[in-house]
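Colleague: I would like to see how this sequence folds:
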Amino acid sequence: MLSTAARESNEPLGAVVVDAGHITAWDLAKLVATYYNMPCMPLKGFSYDEALGEDIPAATLYQYQVLPVGRFGQVRTFAVVEPPSRECISALSEVCGNRLFF
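Modeller: Model prediction:
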């Protein structure tokens, strides 16, 4: 079962489903975004500004699979692989404050 494989490999279920070829990464992203009422945009060709992530530990970005993509005043915007967990939000809030948008 895919959920068991995800738990055993410590990978997000979405990654396991895509790796198994059951759905494309883009279709999964659109499905999850629709379910959680989150915007969905392709990052192919995105011009990343390294300054956006300078104050965030690389381990945090890697662990929660988030990418800082914008800063609008005090609001920090992140691209995510899946909706952020409470732990992810807490870790980012410690560094960035509580004005986060995913």
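Colleague: and the residue nearest the centre of the chain, what's its pLDDT?
Modeller: Closest to where the C-alpha atoms of the chain average out (C-alpha atoms, centre = their mean) is residue 80, at 1.6 Å. We have a pLDDT of 89 for residue 80.
Colleague: hmm, it is touching residue 65, no?
Modeller: Yes - here residue 80 reaches residue 65: they are 6.8 Å apart, a contact under C-beta atoms under 8 Å. All C-beta atoms are positioned from the backbone trio N, CA, C, and that covers glycine.
Colleague: quick one, phi psi at residue 46?
Modeller: Dihedral angles of residue 46 (phi, psi; degrees, to the nearest 10) stand at phi -60, psi 130.
Colleague: now name the helix or strand holding the spatially closest residue to it that is not a sequence neighbour.
Modeller: Among residues not flanking residue 46 along the chain, residue 69 sits closest, at 7.1 Å (C-beta to C-beta, 6 or more residues apart in numbering). According to DSSP states H and E, residue 69 maps onto strand 66-72.
Colleague: give the other helices and strands that the following helix or strand past that strand contacts.
Modeller: Under the assignment DSSP H and E, the closest C-terminal helix or strand after strand 66-72 is strand 75-80. When contacts are defined as 3 or more C-beta pairs under 8 Å, 6 or more residues apart in numbering; DSSP states H and E, strand 75-80 sits against strand 66-72, helix 86-96, strand 100-101.
Colleague: so which of the ones you listed is the most surrounded?
Modeller: Across the helices and strands packed on strand 75-80, averaging neighbours per residue (mean count of other C-beta atoms under 10 Å) puts strand 66-72 on top, at a mean of 16.
Colleague: in its sheet, what does it sit against?
Modeller: Applying DSSP bridges, strand 66-72 is found paired with strand 75-80 (antiparallel).
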